[in-house]
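Dropping a prediction and its sequence here:
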Amino acid sequence: MQTLSAEQNKSSPPQASRSSAATEGGTSAPGLKEHAPPEGDTSRRADGKPLALTERDEARFKAKVALPDENGCMRWLGYIREDGYASFYLAGRQVLVHRVGYTLANGPIPDGLDVDHVKANGCRHRDCSAPAHLEAVTPLENHRRGEAGVNMRSKTHCPQGHAYSGENLYINPSSGARQCRICQREADRRYRERRRAKSQC
């Protein structure tokens, strides 16, 4: 039996699913290792601890994974969310498919890490669960590799027109995000004025 890390995707109502000839009894995809579950049922966790996959869960999962395409991506044949990520019903909740795929291939996801679809390996699909396309990385690294990180790095000025350079540039050590010192000082000034006005009431 394999487990997913504590951070799970929240439930969302079903919508349209990808159409395919593959069904629950279809050909299971290669690349996903077999893991025999230990004795006892530990699949249902409501305390935020890792969820466990039973043998039946693995069979359901593999029946909904397509064979590798020309890029090696193993696309999900079931429910796809509006944001493009695939979702799998496990132990009473919806979990992200690529996290399940990573767990089956590599074991539990280390605490504090996200599972990234590695574009450098040719993966361009959020619903891919190919083991070779998945890597456990820090949230900061995941953000840096993502489209949001690329878009932010391409900007040379803040929304108010101040340059992201020299003494005006501040890089948040926890998120890695660039910030404008001029705008931050202005925000701090407005905050102090609000506090002062409130204390005089």
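On my side now, so go ahead. Residues are numbered from 1 along each chain as shown.

need the helices for the protein, in chain order.
55-63, 97-106, 139-145, 147-154, 181-199 (DSSP state H).

Can you tell me which of those is packed in deepest?
helix 97-106 (a mean of 24; mean count of other CB atoms under 10 Å). Just so you know, the C-beta spots here come from the backbone N, C-alpha and C atoms, and that holds for glycine as well.

and that one, what other elements does it pack with?
strand 2-4, strand 51-53, helix 55-63, strand 87-90, strand 114-117, strand 134-137 (3 or more CB pairs under 8 Å, 6 or more residues apart in numbering; DSSP states H and E).

quick one: contacts of the last one?
If you take CB atoms under 8 Å, 6 or more residues apart in numbering as the criterion, strand 134-137 is touched by 98, 101-102, 105-106, 109-110, 113-118, 123, 128, 145.

helices and strands of this protein: which one bottoms out on pLDDT?
helix 147-154 (a mean of 53; mean pLDDT, DSSP states H and E).

circling back: is it possible to get a markdown table of the helices and strands packed on helix 97-106 that adds distance to Met74?
Formatted as a markdown table, those follow (distance: least, CB to CB, whole Å):
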| stretch | distance to Met74 |
| --- | --- |
| strand 2-4 | 17 |
| strand 51-53 | 17 |
| helix 55-63 | 10 |
| strand 87-90 | 13 |
| strand 114-117 | 11 |
| strand 134-137 | 10 |
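
got TSV for these, with distance to Arg185 and mean pLDDT too?
Below are the helices and strands packed on helix 97-106 laid out as TSV (distance: least, CB to CB, whole Å; pLDDT from 0 to 100):
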stretch	distance to Arg185	mean pLDDT
strand 2-4	43	62
strand 51-53	45	76
helix 55-63	51	94
strand 87-90	43	92
strand 114-117	33	91
strand 134-137	33	93
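
looking at the ones you listed, which is closest to Asp69?
Asp69 lies closest to strand 114-117 among these, at 14.0 Å (CB to CB).

Partner strands of the closest one and their direction?
Strand pairing for strand 114-117, using DSSP bridges, gives strand 134-137 (antiparallel).

Pull the CA coordinates from the partner strand and hand them back as CSV.
The C-alpha trace of strand 134-137 is given here as CSV (Å, rounded to 0.1, in the frame of the first residue of the first chain):
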residue,chain,number,x,y,z
LEU,A,134,7.0,13.9,-12.4
GLU,A,135,9.4,15.2,-9.8
ALA,A,136,9.0,16.1,-6.1
VAL,A,137,10.3,19.7,-5.6
